[in-house]
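Visitor: I'd like to go over a predicted model; first the sequence, then the structure.
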Amino acid sequence: DGGITQSPKYLFRKEGQNVTLSCEQNLNHDAMYWYRQDPGQGLRLIYYSQIVNDFQKGDIAEGYSVSREKKESFPLTVTSAQKNPTAFYLCASSWTGTGAEKLFFGSGTQLSVL
Amino acid sequence: SQQGEEDPQALSIQEGENATMNCSYKTSINNLQWYRQNSGRGLVHLILIRSNEREKHSGRLRVTLDTSKKSSSLLITASRAADTASYFCATEASGSARQLTFGSGTQLTVLP
């Protein structure tokens, strides 16, 4: 089955803890993205990557970090500096990230604070 | 920043009726896309319309784009209960880094 796999589906974070959300794709896409979705709202871009070993900040990158060591993987770390991390996190990919492309989304990770 | 804003925020219709959702945006765009999201799931791409296109069809979906009014509409004809979902427009601004900006969505409920 081709697609994007996000794990875990649900994640809980304690105060002061870093947590990492996994995103893997087998679509052979160059570009990958992380979005945050708050209840009743649209998606906001956290980070994106158009090529291995390179990534760019989106609109709300503060308190988050990413890596792109492999084409198929783009993990997101929510650091303790992110004071309001409770949200639904969506990973997506596209062929090149150079415009006029549709995005393919994973099924999301719901992060909550204990 | 939110580029696209959908209207209405929520829409409830009977099965078989048509559903129309609108999206307004602020700056010039290269293209506009519509996505669907079932509750607690990821988004699914529906249709992409480029700035030089005025109308596009895909099955029961019809999308229009009016760049002079900076607005787009999504029409779902002969709606079904399975169409119940949130619908989002996403714009790729002209001269941008080619990243999409999503609106806040329209929650569509189709009653059987």
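Guide: In hand now; what should we look at?

Visitor: Could you list the residues of chain A in contact with chain B?
Guide: Neighbours of chain B within chain A, by C-beta under 8 Å from any C-beta of the partner chain: A:4, A:6, A:33, A:35, A:40-45, A:48, A:56, A:58-59, A:88, A:90, A:92, A:97-100, A:102-108, A:110. In this view, the C-beta of every residue, glycine as well, is placed from N, C-alpha and C.

Visitor: nearest residue to residue 18 other than its sequence neighbours?
Guide: No chain was given, so I picked chain A. Leaving aside its chain neighbours, A:Asn18 sits nearest to A:Thr79 (5.1 Å; criterion: C-beta to C-beta, 6 or more residues apart in numbering or on different chains).

Visitor: Chain B is the one I meant
Guide: Of all residues not flanking B:Asn18 in the chain, B:Thr77 sits nearest, at 5.1 Å (C-beta to C-beta, 6+ apart).

Visitor: Then B:Glu92?
Guide: Of all residues not flanking B:Glu92 in the chain, B:Asn30 sits nearest, at 4.6 Å (C-beta to C-beta, 6+ apart).

Visitor: Quick check: that neighbour touching A:Glu101?
Guide: No. Checked against C-beta atoms under 8 Å, the pair B:Asn30 and A:Glu101 is beyond contact range at 11.0 Å.

Visitor: which of the residues of chain A next to chain B count as buried?
Guide: Listed as buried from these are A:4, A:6, A:33, A:35, A:42-45, A:48, A:58, A:88, A:90, A:92, A:97, A:102-108; burial here means 16 or more other C-beta atoms under 10 Å in any protein chain shown.

Visitor: Mind checking which of those residues are in strands?
Guide: Taking DSSP state E as the definition of strands, these contribute A:4, A:6, A:33, A:35, A:43-45, A:48, A:88, A:90, A:92, A:104-105.

Visitor: Near chain A, which residues of chain B? Just list them.
Guide: B:1-2, B:4, B:30-31, B:33, B:35, B:40-45, B:48, B:50, B:88, B:90, B:92, B:97-105.

Visitor: 6 Å instead, please
Guide: Contact residues, chain B versus chain A (C-beta under 6 Å from any C-beta of the partner chain): B:31, B:41-43, B:45, B:88, B:92, B:98-99, B:102-105.

Visitor: okay, those in a markdown table with pLDDT, distance to B:His57 and neighbour count next?
Guide: Formatted as a markdown table, the residues of chain B next to chain A follow (pLDDT from 0 to 100; distance: C-beta to C-beta, whole Å; neighbours: other C-beta atoms under 10 Å in any protein chain shown):
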| residue | pLDDT | distance to B:His57 | neighbour count |
| --- | --- | --- | --- |
| B:Asn31 | 93 | 16 | 21 |
| B:Arg41 | 93 | 25 | 16 |
| B:Gly42 | 94 | 25 | 22 |
| B:Leu43 | 96 | 21 | 29 |
| B:His45 | 97 | 15 | 17 |
| B:Phe88 | 96 | 19 | 26 |
| B:Glu92 | 90 | 21 | 22 |
| B:Arg98 | 68 | 25 | 19 |
| B:Gln99 | 81 | 27 | 17 |
| B:Phe102 | 93 | 23 | 24 |
| B:Gly103 | 92 | 22 | 26 |
| B:Ser104 | 92 | 26 | 18 |
| B:Gly105 | 94 | 22 | 27 |
